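K.L.:
A structural model of the following input is requested.
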Amino acid sequence: MMTRCLLPRLSLPVLVALLALLAGSPAPADEAWHDLHEAVRSGRIVPLPDILDWLEARYVGQVLEVEFERDDGRMSYEVEMLGPQGQVVEFEFDAASGELIGMEGVNINGMRREDGAE
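P.N.:
Predicted structure coming up:
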């Protein structure tokens, strides 16, 4: 008998990202969770599922890691994906606007979906 996991398939990378955020934060864990939740709720940052949905619509691959960073007042999401030919690509998004601001990796075009939205 096969057992199916009912959790979303991206739950592990999301959990890793949130734990990384808390580990790097000088604030106590409860404050960091509250601050992040408040930033999403108030619209100061785009919810992570919106970023992941955008990526899934345009690129083929498996999410390996997600990081949320605050650098000089700028907040960003970094999403590392494993492509179909084994390539690893990192996508960086402005957390406030959701705009893709950078990509690094090899054979990024090999991950593009032909039917992806523009």
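K.L.:
identify each buried residue in whichever strand or helix holds P49, please.
P.N.:
Assigned by DSSP states H and E, P49 belongs to helix 48-58. Within helix 48-58, the residues scored as buried using 16 or more other CB atoms under 10 Å are 48, 51-52, 54-55, 58. From N, CA and C alone the C-beta is placed, and that goes for glycine too.
K.L.:
which helices and strands does that helix pack with?
P.N.:
Applying 3 or more CB pairs under 8 Å, 6 or more residues apart in numbering; DSSP states H and E, we find helix 48-58 packed against strand 62-71, strand 74-82.
K.L.:
can I get these in TSV with mean neighbour count and mean pLDDT?
P.N.:
Below are the helices and strands packed on helix 48-58 laid out as TSV (neighbours: other CB atoms under 10 Å; pLDDT from 0 to 100):
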stretch	mean neighbour count	mean pLDDT
strand 62-71	16	93
strand 74-82	19	95
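K.L.:
turn the ones you listed into CSV, including distance to R112.
P.N.:
Formatted as CSV, the helices and strands packed on helix 48-58 follow (distance: least, CB to CB, whole Å):
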stretch, distance to R112
strand 62-71, 15
strand 74-82, 12
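K.L.:
what separation do you get for V60 and A39?
P.N.:
As defined by CB to CB, to the nearest Å, V60 lies at a distance of 30 Å from A39.
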